[in-house]
Structures are given as C-alpha cells and as structure tokens.
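Undergrad: Based on what follows, work out the 3D shape:
(one chain, ligands or ions: 1)
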Amino acid sequence: MKTILIPVLALLMSLWGGNTADSPAPVAITNCLSSPAIADAMPFSPEMIAPQAVMVRRNVNSLSAADIASIKTGIAAMKALPVTNKTSWQYQAAIHGTLLTNNLPSWNSCTHGSQFFLAWHRMYLYFFERILRAKSGNPNLTLPYWNYQTNPVLHAAYRANTPGNVLFDTRAASINAGGSLPNAPMVSIATALTAAVNINYFSFNSALEGPHGALHGAIGGNMSSINRAALDPVFWLHHTNIDRLWEQWLRQCGGRSNPTAAANSPWMNKSYTFFNETGAAVVMTASQVLNTAVSLNYRYDFPVQLPCNILANWQQWKFTKIQLVKIPPLGTLAELTRVPFERTNKAQFEQVKRTNKLERFQFANDGKSDRLIIELEGIQVDKQPEGVVEVYMNLPRTEQPNPQSRSFVGVLDLFTAMPSKAHRHAPKAVDVDATEAVRKLGLTVDDLQRAELTFFTRGNTLNGRPVKADGTVRVNGINFVINRVIQ
Ligand SMILES: [Cu+2]
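TA: So this is what the prediction gives:
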C-alpha cells in the first residue's frame, strides 16, 4: 500500500511545493518572541520524503574525503545566500538564535530548558540536513555526528584554519589546536543514559541537556552562545550526536520509551515550523519525530538490534518542589570554591521538613523517585571558561576533584545560563541534578544541612595537560530543592 502511495504523494507534494498559494489554511506558530506567522506553512507528512532506502548518519571520523568535500560544498552554497533566504546558512542559524533584529519567521525558537529540547532539535537537524543535501548536490549526504565520548578531539577538517575552509570557526584555542574536551560531561552523559532515575523520557531529556550545554561552553567561540551557536559547523556535529544519544538511550530498553502512550497529549501535538530545501514552510509535531526511520527516513550506524519489549513509561509525573536549604550569593567562582551549608538556618530547615513530612528521601528506580536538585540562581558568565565547571558534593578534603568520584554531581550548563534573545530572563537559574550523588553517598535529608558543595573549573586538555580555564562565572544564591512526585 505504502509503496504505491508514496510516489503519487511525492509527486503531488512536489507540485504543491511549487504553488504555495494552494496550500492549507494559515498555521499560527507559537514562539516566545512571536515572530510573524507563516501564511503558507504546510503540515509535514512522511510521504513528503522521496521514496528511497533509509539513510544512515555516521560518525564524522568514518567519513571519506569525498563525504567531507560534499559537506563543504553544501555549506559554501548556503553561506553564499543572503540572510533573508530561508535556506541560507545565516537564516538557518537564526532559527536557533540570533542577535540580528529582523525577527524573520521561526527565528529565535525557544527550546532550551524545556521538555521539547530533544524533539525540537531533531526537527531542526532534519530540515537543515535536507537543505544541506540539496545544496551539496550529493543525494546521499547525511549529517555526521561527533562521538566525543570515544574521541574528545575535534575532527581535523573542522580545525584547519586554511583560506576558504567553511568548516573552520574561531573556538577555544585548545579545541582548534587538537586538544581534548574534559571528561566530566561524558560522565554526566553516561548517567543520563544509564541511571534508573532517568528511564522516564522527560527525566532523560533534561538530564542530557546539562552536559550538552557544558560541551557548548568547552568548545567555545560561537558555540558558547545560544545566539550564535548554529553559525559554527560544529553545532551540527554536536547536535547530531545528541540526537543519536536519544536513540542510544531507547536501545537500552529496560522500560525506556518515547512518550507515545499519550496520543493526544499536548506534548505529542506541539508543533514547530521549519523550512525545507525549497524554502517552503513545513509544520511538524513532536509526534512525528519519534520514529526516525519510519517518519524521517534516517537512522544511526548502530549495529542491528531486535526491538525490546517496550513498557510504556511515558508519564509525566506531577512534582511538588520543596525548597530545603538556601544559601546567600556566592560571587565569582575561584578555580576551586568550597561552599559549606552550615550557615543555613536550622530552625527553618526543621520547619520545612515538618510541613512537608520530609523524614527521609523516597528514592526509586523510576520516574517517581525523589530528585534532589541543586538550583543555582542567577548564574552570570562574564567570561566563558576554556573548559567546564564541575560540581561535587561532600568531596573529601584529601581527594582531588575527579568526575569518576562518587562525590561528582555534574557540570554547570553555562550555555543555557548565557543571556540570549530567546531567553531574555537572564541571568537565569541553572539546575544540577544531584540525585545520583546523594544516593551513592548514602546521605539523609538531615545530612543536607551539613553538606558541602565544591565547584571546580577544569580546562580542556592540550598535549596531555589541562589548559588554564580562565573564566569568570558568578553564582548568586544556591538552593537545595527536593522534587517529589505528588501521588
Ligand atoms: Cu545545543
């Protein structure tokens, strides 16, 4: 049935694309800056894809010289177009965020720190890939990914500062010199993928965003700011990997699944507008990006695996947020800053415990577990460090900060903290999920009063040595917050 339908519909769609006046009724786009609505946007349907075998997105380190040359051809063609052209490099980058004031359709779309982080970026990559493929003239082009967990050094083609190399961009000096990203975000990614508390889709979506943002910062240059990130070709390597990690998380089974059980949920029906290779506006809903091979005609180069028995674990639990401890402004972080919580008000702590019946943590191996969140208020990045800021809880004085330590909590998402057009409420609060650390350390609710946080700024590595991170990051108050599921 499908094989007959697809060519007919593909033909119809190609005619449709050339005659937008006959397109469906106007579709309003919601986005925080309320860009102008697009009158001729058409709803996406998988039949719009020309019939062909499922395409494979591969590791950038496995690409041939010819593959890299195709990507360069495509980027050069996009960069040659004016910013007002929807298929231009600048227009596409501005969809993520921009300092330009034109405010054209779909610019500054707002999806960081939200439950659409993964889904929105999947749509964004999908349409960008179609444009890049068309411009490259190579019908087999797919977006490659940077697997920094296995190779923390950026591919050489992206680092060569040679005239006309469209893959090059100004970044942290250590990254362009062939240095390595720090290991802490990789440890956090592994926790997001494997920890039982992250088997719920929405928990995973937010657990992955923190290390993703820390990597933006460590790469530096355009990548460290939401307003400029997608101008750097590395953005597309990074986000294709984030998209691959979503697939990797699903493949672990054990109850992990997309939030599909709620067919008519607001999440499934949430739509965003992008532009295809002809510049035509297409509206896509979150429900349309959950099966990449069927709906979007691509997959990753994972070994073939039999599907697991998927248990629907899509629920989005309602949480109550209990603010337990608050400490006053910290100021600028030193390379190593210790923050003891002894200064907190004991009477107030007891009061909060009593009112919320908080005798002990209620940890569980699913989405209903208590989560201990360290909420950093008003983070201000005056200078992005050439590396990452690691957070530890109760790090013994005799121990050097090391992300393998059981005291390791996570990395600061300085990317989300940076002021941007889409996130005008800067300086912004940034959360670090300490649930796993608290469980490993066996801490009780009362222990939190005596807890100590350690912030350690670690530089990228060049020639086996960490570089001087040299950043200026200010932190306002810190809260310990317990997120507890309301039964
Ligand atoms: Cu990103």
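Undergrad: ok so residue 458 is a strand residue?
TA: Yes: read with DSSP: H, G, I helix; E, B strand; the rest coil, residue 458 is one of the residues of a strand.
Undergrad: can you pull the contacts of it?
TA: By Cβ atoms under 8 Å, 6 or more residues apart in numbering, the contact list for residue 458 reads 182, 184, 387, 388, 389, 390, 401, 466, 469. All C-beta atoms are positioned from the backbone trio N, CA, C, and that covers glycine.
Undergrad: ranges for the helices of the protein?
TA: 2-18, 65-79, 89-96, 117-136, 173-176, 184-194, 201-219, 234-251, 266-269, 292-295, 346-355, 414-417, 435-441 (DSSP state H).
Undergrad: picking up where we left off before, can you say which two of the contacts of residue 458 are spatially most distant?
TA: Distance extremes for the contacts of residue 458: the farthest pair is 389 and 466 at 13.4 Å, using Cβ to Cβ.
Undergrad: of the two, who's got more company?
TA: residue 389 (29 against 17; other Cβ atoms under 10 Å).
Undergrad: And the pLDDT for the residue positioned nearest the centre of the chain?
TA: Nearest to the geometric centre of the chain sits residue 209, at 4.3 Å (Cα atoms, centre = their mean). pLDDT for residue 209: 93.
Undergrad: neighbours of residue 98, just the number please.
TA: Counted with other Cβ under 10 Å, residue 98 comes out at 24.
Undergrad: Quick check: longest strand in this protein by residues?
TA: Scanning the chain for the longest strand, with DSSP state E as the assignment, gives strand 371-383.
Undergrad: what's it in contact with?
TA: Outside strand 371-383, the residues touching it (Cβ under 8 Å, 6+ apart) are 197, 203, 217, 319, 329, 361, 391, 409, 412, 414, 417-418, 426-435, 438, 448, 453, 470-483.
Undergrad: coming back round to it: wait, isn't the residue nearest to the centre of the chain in contact with residue 416?
TA: Yes: counting by Cβ atoms under 8 Å, residue 416 is a contact partner of residue 209 at 7.3 Å.
Undergrad: most surrounded residue in the contacts of residue 458?
TA: The most crowded member of the contacts of residue 458, judged by other Cβ under 10 Å, is residue 388 (31 neighbours).
Undergrad: residue at max distance from the center of this structure?
TA: When distances to the mean C-alpha position of the chain are computed (Cα atoms, centre = their mean), the maximum falls on residue 347, with 39.5 Å.
Undergrad: quick one on the thing from earlier: buried ones in the longest strand of the chain?
TA: In terms of neighbour count (16 or more other Cβ atoms under 10 Å), strand 371-383 has its buried residues at 371, 372, 373, 374, 375, 376, 377, 378, 379, 380, 381.
Undergrad: For the third one, list each beta-bridge partner.
TA: According to DSSP bridges, the partner residues bridging residue 373 are residue 433, residue 481.
Undergrad: do the last one as well
TA: Note on residue 381: beta-bridge partners residue 473, judged by DSSP bridges.
Undergrad: got it, and residue 281?
TA: residue 275.
Undergrad: Could you report the neighbour count for it?
TA: Counted with other Cβ under 10 Å, residues neighbouring residue 281 total 21.
Undergrad: Which pLDDT does the model give it?
TA: 92.
Undergrad: quick one: it and residue 95, what's the gap?
TA: In this view, residue 281 and residue 95 are 12 Å apart by Cβ to Cβ, to the nearest Å.
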